[in-house]
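Student: Structure, please.
(2 chains)
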Amino acid sequence: MHALRELQRSFAAAIFARQPEAFVPHVRSNGLGAKDRVQIYQNNVFISLTEALADVYPVVAKLVGEEFFTFLARGYIRAHPSRSGNLHDFGAELAAHLAQLPEAAALEYLPDVAELEWARHAVFHAGEAGPLDAAALACVPESRQAELRFAIHPATRLVASRFPLLAIWQAHQCDPAGEVRLDSGDHDRLLVARRDYEVRMDRLTHGELALLAAFTDDLAFGEACERALAAEPALDLGATLGRFVADGTLAGFD
Amino acid sequence: MASRRPQGFSSPVTGVGIGLRAPHYRDVLVERPDVAFLEVHSENYFGAGGLPLAVLDRVRGDYPVSLHGVGLSLGATDPIDVRHLGKLRALADRVQPVFVSDHLSWSSVDGRYLNDLLPLPYTEESLAHFCRRVDAVQSALGRPILIENPSTYLELAASGIPEAEFLAEVALRTGSGILLDVNNVYVSATNHGRDARRYIDAMPAHAVGEIHLAGFTRRETDAGVVLVDTHDHLVADDVWALYAYALRRIGPVPTLVEWDSDLPPLATLVAEAKSAERLLEDRDARAA
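Tutor: Okay, the predicted model is just below:
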């Protein structure tokens, strides 16, 4: 197996380094040159992984344009290579990669857009759960309510940003993209959730976000309520909880 | 490794199927096209839930489903990814597929995946290694799998065994079947200046469990012409001719028409399947 393993290492190294000539000695030369033949594999690998990223990050791709996205993908593929034969998890670190990429620094909101798109991807493929047993919840005595722990539906993510993310995302659903005022002061707090197999994004108030974030951190209901009220003293907790039960954001409790 | 005599790969389905891809979900559910089976890429259904699995659960009530993998990295020398294998097993338990298949290739080393079907050197070392991997996968899945010949763009200097013989030997030693991709045979033969029909001739007919058909792209470079297996075109005339030849040599085999990018309307794909069906039935008529 040793010779096979070394050969595979050498092939993979040539492709990742984009140095097809390095693998030429292992290739039978026949008509089309050996370097061109290795180059075809190099192109296939980078093109298909770039397309996989573009499938998950269509708005990032639109925002930066094709040429920059290709550059971005090349660097990303080498820095964070795919770790599985299944591409679902490939691209998870793009927001972090963008945040430290000097060439992308001018577009400050880009990492947040990437975070939103990754959240949409994760939500699309996440598992099923619930519904929460509302009748059982209604029977919980008031004295025990503060100890309840609510489970957020697995197909749910919270994304907060100092940029108007939802407007940016929406403006890039059509061609040409619409205009978004970045200085509008809009901060987005978004609930990304799957409803009837489609990914939806809804804006949350400060208190709603704090409540759901506390549930995500597995805090008891009492403590979650304190955090929500600290973030938004006027929040109607009963109505908010009722809405998250009704729309499936909360999938269970114990 | 126990060497098993091939029993013949009995087919749980007959006729021609089509690849099911996400852009066709709605049309397939609504139109219920008249095709023999649907084949999906296994890895696209490795998620925990959501639309892909819901669609698969629905279509499997109406069609036999086949699971075609691109991610097992069978020829790799890293340990087999047991998580990947576990997901494939769970998916197979869920959909009860007519076939489970993957490729005669590798796609990862030292934990890094290239997610492409990279060519193996066809040596005794590779053969023994590949057979061990297929044995391990078949034990984990509790069923035989089909191994597909890939499109290749280079041949390794170390290769001493013709690919068709290598594939036949894998089938003989492991009891796996062969997924004969006629388009890949044509693409590789053209790229390496070989005779595609000799490849078909070298196939052990009893082991061929499924045939794939797809379209390729012809690229002209300064150095010459190369065919790339892009699955974004109609099946080429030469490939139809090679398919007819394969049917004469091998017998009627369930066949799949694949299309993976720049997807046409569903009707175009179904029409391709009908073309294949006519050739399949022609051959049946002559054999009768």
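
Student: Can you tell me the element the closest residue to chain A within the stretch 151-288 of chain B falls in?
Tutor: Nearest to chain A in the stretch 151-288 of chain B, going by Cβ to the nearest Cβ, is residue B:154, at a distance of 3.7 Å. (Glycine included, C-beta is placed from N, CA and C.) Per DSSP states H and E, residue B:154 falls between elements, in no helix or strand.

Student: buried stuff in stretch B:255-267?
Tutor: B:255-259, B:263-264, B:266 (16 or more other Cβ atoms under 10 Å in any protein chain shown).

Student: for these, which one is nearest residue B:28?
Tutor: residue B:266 (6.6 Å; Cβ to Cβ).

Student: Please give me every residue in contact with the closest residue to that closest one other than its chain neighbours.
Tutor: Once flanking residues are discounted, residue B:266 sits nearest to residue B:27: 4.3 Å by Cβ to Cβ, 6 or more residues apart in numbering or on different chains. Contact analysis of residue B:27 by Cβ atoms under 8 Å, 6 or more residues apart in numbering or on different chains lists B:33, B:265-266.

Student: From chain A, how far off is residue B:27?
Tutor: 16 Å (Cβ to the nearest Cβ, to the nearest Å).

Student: re earlier: wait, the residue of the stretch 151-288 of chain B closest to chain A sits on residue A:24?
Tutor: No. Counting by Cβ atoms under 8 Å, residue A:24 is not a contact partner of residue B:154; they are 9.7 Å apart.

Student: Tell me how far the closest residue in space to residue A:71 that isn't next to it in sequence lies from residue A:248.
Tutor: Among residues not flanking residue A:71 along the chain, residue A:103 sits closest, at 7.4 Å (Cβ to Cβ, 6+ apart). For residue A:103, the distance to residue A:248 (Cβ to Cβ, to the nearest Å) stands at 41 Å.

Student: More neighbours: which of the two?
Tutor: residue A:248 (18 against 12; other Cβ atoms under 10 Å in any protein chain shown).

Student: low pLDDT regions in chain B?
Tutor: Applying pLDDT under 70 to chain B flags residues B:1-10, B:284-288.

Student: who's in contact with residue B:228?
Tutor: By Cβ under 8 Å, 6+ apart, the neighbours of residue B:228 are A:40, A:44, B:151, B:153, B:187, B:216-219.

Student: now do residue A:97
Tutor: Residues in contact with residue A:97, defined by Cβ under 8 Å, 6+ apart, are A:72, A:75-76, A:79-80.

Student: Need the pLDDT of the residue of the stretch 1-150 of chain A found nearest chain B.
Tutor: Going by Cβ to the nearest Cβ, chain B is nearest to residue A:85 of the stretch 1-150 of chain A, at 2.4 Å. With respect to pLDDT, residue A:85 scores 97.

Student: Now for it, how many residues are close by?
Tutor: Residue A:85, neighbours per other Cβ under 10 Å, totals 26.

Student: contacting residues for the residue nearest to it when sequence neighbours are not counted?
Tutor: Leaving out its chain neighbours, the residue that sits closest to residue A:85 by Cβ to Cβ, 6+ apart is residue B:71, at 2.4 Å. Counting by Cβ under 8 Å, 6+ apart, residue B:71 makes contact with A:84-86, B:42-43, B:84, B:102, B:107, B:113, B:115.

Student: Widest-spaced pair of those?
Tutor: Greatest spacing in the contacts of residue B:71, by Cβ to Cβ: B:42 and B:113 (15.2 Å).

Student: residue boundaries of the helices in chain B?
Tutor: With DSSP state H, the ranges of helices along chain B come out as B:25-31, B:51-59, B:82-95, B:124-141, B:163-174, B:182-192, B:196-201, B:237-250, B:266-287.
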